[in-house]
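Asks: return atomic coordinates for the entry below.
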Amino acid sequence: MASIKDVAAKAGVSVATVSRVLNDHPSVSPAARTRVLAAVDVLGYRRNAVARSLRTDQTHTLGLVISDVLNPYFTELARSVEEEARALGYSVIFGNADERPELQDHHIRNLLDRRIDGLLVSPTDGGSPLMLDAARAGTPMVFVDRWIPGVDVPVVQADGRAAVRDLVAHLHGLGHRRLAIIAGPAATTTGRERVEAFRAAIAEYGLTLPDDYIGQGDFQAESGRRATERFLDLPEPPEVVFAADNLMALGALDAIRARGMRVPEDIALAAFDDIPWFVHTDPPITAVAQPTGELGRAAVRALVARIEGRTPKSVTLPARLVVRRSCGEPSPEPSPAPATEPSSARRSSPAQRSKP
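Replies: Numbering: from 1, shown residues only. All right, here's what the predicted structure looks like:
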């Protein structure tokens with residue numbers, strides 16, 4: 001492997017000149033810069049990122065700890081984070097907490113040991129002393145999707161309250177009155193906020209949310225299945241099940257089908273966190289969609305600003321309701337048949353018939 005000395009010898013300059021070129025120092029002449037860059041290309045020289053980080057105290061690496069890599073929402077979020085970070089000159093190291101606080105702390109500890117420049121976290125709960133200590137010690141950090149109350153860290157999140165209100169108005173307009181929710185973990189801000197938004201929205205229509213119509217989930221499919229089974233065993237089951245995330249919605253759908261029941265003929269189903277393949281379920285699922293890609297990009301921009309010593313503000317983006325057909329919505333009107341040409345227009349002319 002070529003060294004910086006090899007590059008200097010090939011370009012006919014000093015090692016210091018090569019270093020200045022590689023660090024974009026303005027004091028190098030255009031001719032010398034051209035020779036150095038040509039030598040780098042010919043020799044295939046690659047700078048030692050570890051050694052450079054020791055000199056500059058920066059690794060140009062960000063850490064991202066997400067709650068569940070199997071959840072399509074977080075998969076899309078991670079992709080947008082990586083793309084934006086790469087565009088800004090950073091690499092990303094991922095950690096999957098799998099909705100487990102102890103695994104979250106394991107990843108945070110390892111990332112801090114690797115001397116990352118900043119940390120993006122979607123907290124699994126609000127009780128991580130390690131993360132709290134890191135934030136209070138000044139580690140550049142941004143919370144994305146979820147947050148910890150009382151910690152002075154920028155938060156990038158979607159506001160789903162208006163979209164949940166739109167969903168409840170949509171359900172009420174379809175004639176539904178008995179509405180149930182599968183909630184996420186109460187230890188997470190998203191778990192609490194979505195239940196509160198749902199309760200407030202149905203109260204606007206004079207409806208209540210009885211305890212029997214609140215199923216406790218953990219943002220995993222199995223918890224959605226169990227909660228829905230309990231709903232279906234009630235003397236008066238709900239008319240609608242609203243799952244507070246996409247995986248719990250899929251678990252709910254499994255439970256409904258296992259009883260030989262149909263959506264939406266026997267019970268309606270809606271979800272928070274739209275995912276691309278909700279359009280391919282039968283029926284397609286009505287859902288609240290978050291601007292996932294923009295959340296990831298905004299989180300990276302906020303973190304880089306913090307790394308550079310600026311004070312970014314928190315960012316809140318609106319979610320929106322995507323209406324499909326899982327709640328008893330009328331089927332879309334069939335498209336009119338394409339107009340056909342008159343038979344005389346389709347007949348070829350004598351000249352066309354005479355062609356071989």
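Asks: per-domain residue ranges of this protein.
Replies: According to automatic domain parsing, the chain comprises the domains 4-47, 58-157+293-317, 159-290+320-330+339-348.
Asks: which ones are touching the spatially most central residue of the chain?
Replies: Centroid check for the chain by CA atoms, centre = their mean gives residue 77 as the closest residue, at 2.8 Å. By CB atoms under 8 Å, 6 or more residues apart in numbering, the residues touching residue 77 are 66, 122, 144-145, 292-293, 295-296. Every C-beta, even on glycine, is put in place using the N, C-alpha and C of the backbone.
Asks: next: residue 39.
Replies: Here residue 39 is in contact with 7, 10-11, 45 (criterion: CB under 8 Å, 6+ apart).
Asks: quick one on the thing from earlier: looking at the contacts of residue 77, which is nearest residue 248?
Replies: For these, the residue nearest residue 248 by CB to CB is residue 145; the value is 15.8 Å.
Asks: circling back: need the worst-confidence member of the contacts of residue 39.
Replies: In terms of pLDDT, the lowest of the contacts of residue 39 is residue 45, showing 78.
Asks: is the nearest residue to residue 323 once chain neighbours are set aside in a bridge, and if so with what?
Replies: Nearest in space to residue 323, with sequence neighbours left out and distances taken as CB to CB, 6 or more residues apart in numbering, is residue 286 at 5.4 Å. Note on residue 286: beta-bridge partners residue 270, judged by DSSP bridges.
Asks: hang on, residue 286 packs against residue 320?
Replies: No - using CB atoms under 8 Å, residue 286 is not in contact with residue 320, being 11.9 Å away.
Asks: more neighbours: which of those two?
Replies: Taking other CB atoms under 10 Å, residue 286 and residue 320 do not tie; residue 286 has more neighbours (27 against 15).
Asks: where's that one relative to residue 206, distance?
Replies: The gap separating residue 286 from residue 206 is 23 Å, by CB to CB, to the nearest Å.
Asks: model confidence over the helix or strand hosting residue 195, on average?
Replies: In this structure, residue 195 is located in helix 189-203 according to DSSP states H and E. The pLDDT scores in helix 189-203 average 97.
Asks: so what touches it?
Replies: 126, 145-149, 160-161, 164-165, 167-169, 179, 181, 183-186, 208-209, 214, 219, 242, 244, 272.
Asks: for this structure, what spans make up the helices?
Replies: 4-11, 15-22, 30-43, 49-56, 72-87, 101-113, 129-136, 161-173, 189-203, 221-232, 246-258, 292-307, 343-346, 350-353 (DSSP state H).
Asks: reformat those helices as a markdown table; add distance to residue 62.
Replies: Formatted as a markdown table, the helices of the chain follow (distance: least, CB to CB, whole Å):
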| stretch | distance to residue 62 |
| --- | --- |
| helix 4-11 | 27 |
| helix 15-22 | 22 |
| helix 30-43 | 26 |
| helix 49-56 | 13 |
| helix 72-87 | 5 |
| helix 101-113 | 9 |
| helix 129-136 | 14 |
| helix 161-173 | 29 |
| helix 189-203 | 22 |
| helix 221-232 | 30 |
| helix 246-258 | 26 |
| helix 292-307 | 6 |
| helix 343-346 | 63 |
| helix 350-353 | 66 |
